[in-house]
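Engineer: fold the following and give me the result.
(one chain, ligands or ions: 1)
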Amino acid sequence: MPRVVVVVGARPNFVKAAPVHHALAATPGVEVELLHTGQHYDHALSGVFVEELGLPRPDHYLGVGSGSHAAQTAAVLAGVEAVLAPDPPAAIVVPGDVNSTLGAALAAAKLHVPVVHLEAGLRSGDRDMPEEINRIVTDRLSDLLLCHCDEAVANLRREGAPDGSIALVGNTMIDSLLRLLPLARGRGAVERLGLERGGFVLVTLHRPSLVDHADRLAEVLAVLRGAAERMPVVFPVHPRTRARIADDGLDAGAVRLLDPLDYLDFIALEADARLVVTDSGGLQEETSALGVPCLTYRTTTERGVTCELGTNRLVGTDPRALAAAITAELEREPRPAPAPIPLWDGRAGPRAAAAIARLWSPTPGS
Ligand code: UD1
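Structural biologist: The predicted structure is shown next:
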């Protein structure tokens, strides 16, 4: 029976991988295993996501933990090789663009295990971001490139990926969002935090290029303090950002700093926010699917489709531009939700599983 190993490591991986894991598990004649690298290990960044997304206990846990990029990627590489080599599976699925994605893809490719990249073809054009390097190398190593939009397909074609290796399946992160939002809303996180639906700004910032520079982080916090004078601002803080704020003695003022939220409470807040300010990739997508305005505090995005068809606006990294964009957004009437992005429809997981199954049983004529 073909066996597929699905790899997860860091927070966004769980959200993307779960729908594919579920769909593979429901495919007759396929055995699916979950491999957790342990890149994220805190319960708030890892365990709670596994539970809420309905993933099983991992079959393999590597415990690689934190480290430099080289050390972390190398630990994943060696750990994944040790799992796969004794009994190579029919395929390995690697989601997203984190260090675990790259390490696992490289280990598998060297063992001639077919690599399936979930969320292939995204490009920001900015190699200062470690994720961009992870995306490019993972795509080059992959036998099957699962794309979530036309732009990603076009990027891969431009780089010479064979047509037969590309499958446009849609966005599995949106499968998780649509499936779990009713349950999430029912838990009442908005009310528990004393917020009003549509009456608060939700912030997440965790990119090293921003938070590892005290001056840049201080500038953004000043803008957010200003916004908090008009409307409550809530900021669930990644451990990296929390450490920087504490070490540098930065002033958050009336901005409400929260511990990282679990997935369900987070999407409940996101769905009812008046505005989201972020440097995350996934939030650009989720807000577009939810019709919530999003300001992305970066100079580039690998998710151009969210600016073109969704609710996202790239504001750059000038704090004055961010302040002006927040003011303009809060003063305007809420915009009507845009039309849904093609294939971001809650059924990407089954399409991904079907494309994976064609690796060992191609449909006639394909
Ligand atoms: C990683 C991904 C990033 C993704 C993010 C989602 C890479 C290169 N980056 O960034 O693309 O958007 O995950 O959250 O893979 N830490 C904890 N607890 C944990 C894990 C980490 O406190 O469970 C702290 C440690 O101090 C660690 C730091 O966070 O050094 C950074 O963790 P790391 O896994 O290196 O990258 P992220 O910033 O989380």
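Engineer: neighbours of the nearest residue to residue 42 once chain neighbours are set aside, how many?
Structural biologist: Closest residue to residue 42 in three dimensions, ignoring its sequence neighbours and counting by Cβ to Cβ, 6 or more residues apart in numbering: residue 239, at 6.8 Å. All C-beta spots, glycine's among them, are computed from the backbone N, C-alpha and C. Other residues within reach of residue 239, judged by other Cβ atoms under 10 Å, total 15.
Engineer: and the stretch 201-350 of the chain, which residues reach the ligand?
Structural biologist: The stretch 201-350 of the chain comes close to the ligand at residues 206, 238, 239, 240, as judged by Cβ under 6 Å from any ligand atom.
Engineer: what do you get if the cut-off is 5 Å, keeping everything else the same?
Structural biologist: Within the stretch 201-350 of the chain, the positions near the ligand by Cβ under 5 Å from any ligand atom are 239, 240.
Engineer: just the strands in the stretch 201-350 of the chain please.
Structural biologist: 201-204, 233-236, 256-258, 275-278, 294-296, 312-314 (DSSP state E, counting those that start in this stretch).
Engineer: would a markdown table of those with mean neighbour count be doable?
Structural biologist: A markdown table is the format used below for these (neighbours: other Cβ atoms under 10 Å):
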| stretch | mean neighbour count |
| --- | --- |
| strand 201-204 | 25 |
| strand 233-236 | 22 |
| strand 256-258 | 15 |
| strand 275-278 | 24 |
| strand 294-296 | 26 |
| strand 312-314 | 20 |
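Engineer: let me have the ones you listed in CSV, extended by mean pLDDT and distance to residue 72.
Structural biologist: Listed next are these as CSV, based on pLDDT from 0 to 100; distance: least, Cβ to Cβ, whole Å:
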stretch, mean pLDDT, distance to residue 72
strand 201-204, 98, 22
strand 233-236, 98, 23
strand 256-258, 97, 26
strand 275-278, 98, 24
strand 294-296, 98, 26
strand 312-314, 97, 28
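Engineer: out of these, nearest to residue 269?
Structural biologist: Comparison of the strands of the stretch 201-350 of the chain against residue 269 by Cβ to Cβ identifies strand 201-204 as nearest, at 5.4 Å.
Engineer: with only the CA atoms kept, save the closest one in PDB.
Structural biologist: Extracted as PDB, the C-alpha positions of strand 201-204 are listed here (Å, rounded to 0.1, in the frame of the first residue of the first chain):
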ATOM      1  CA  VAL A 201      -7.400  46.300  15.100                       C
ATOM      2  CA  LEU A 202      -5.500  42.900  15.200                       C
ATOM      3  CA  VAL A 203      -1.700  43.000  14.800                       C
ATOM      4  CA  THR A 204       0.900  40.300  14.300                       C
END
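Engineer: need the residues that contact that strand.
Structural biologist: 224, 227-228, 231-236, 238, 255, 269-270, 273-280, 283, 326, 330 (Cβ atoms under 8 Å, 6 or more residues apart in numbering).
Engineer: on the pLDDT front, check the closest residue to residue 218 other than its chain neighbours for me.
Structural biologist: Spatial nearest neighbour of residue 218, chain neighbours left out: residue 250 (5.4 Å); criterion: Cβ to Cβ, 6+ apart. pLDDT for residue 250: 96.
Engineer: same thing with residue 337?
Structural biologist: 77.
Engineer: surely it meets residue 291?
Structural biologist: Yes. Counting by Cβ atoms under 8 Å, residue 337 touches residue 291, with 2.8 Å between them.
Engineer: got any residues that touch both of those two?
Structural biologist: Residues touching both residue 337 and residue 291 (Cβ under 8 Å, 6+ apart) are residue 311.
Engineer: and these two? Which one has more around it.
Structural biologist: Using other Cβ under 10 Å, the more surrounded residue of residue 337 and residue 291 is residue 291, with 16 against 13.
Engineer: quickly list what the closest residue to residue 261 other than its chain neighbours is bridged to.
Structural biologist: Leaving aside its sequence neighbours, residue 261 sits nearest to residue 236 (Cβ to Cβ, 6+ apart; 4.7 Å). Applying DSSP bridges to residue 236 gives these bridge partners: residue 258.
Engineer: please apply the same query to residue 313.
Structural biologist: Beta-bridge partners, per DSSP bridges, of residue 313: residue 295.
Engineer: now do the contacts for residue 132.
Structural biologist: Counting by Cβ under 8 Å, 6+ apart, residue 132 has contacts 97, 123, 124, 125, 126, 302.
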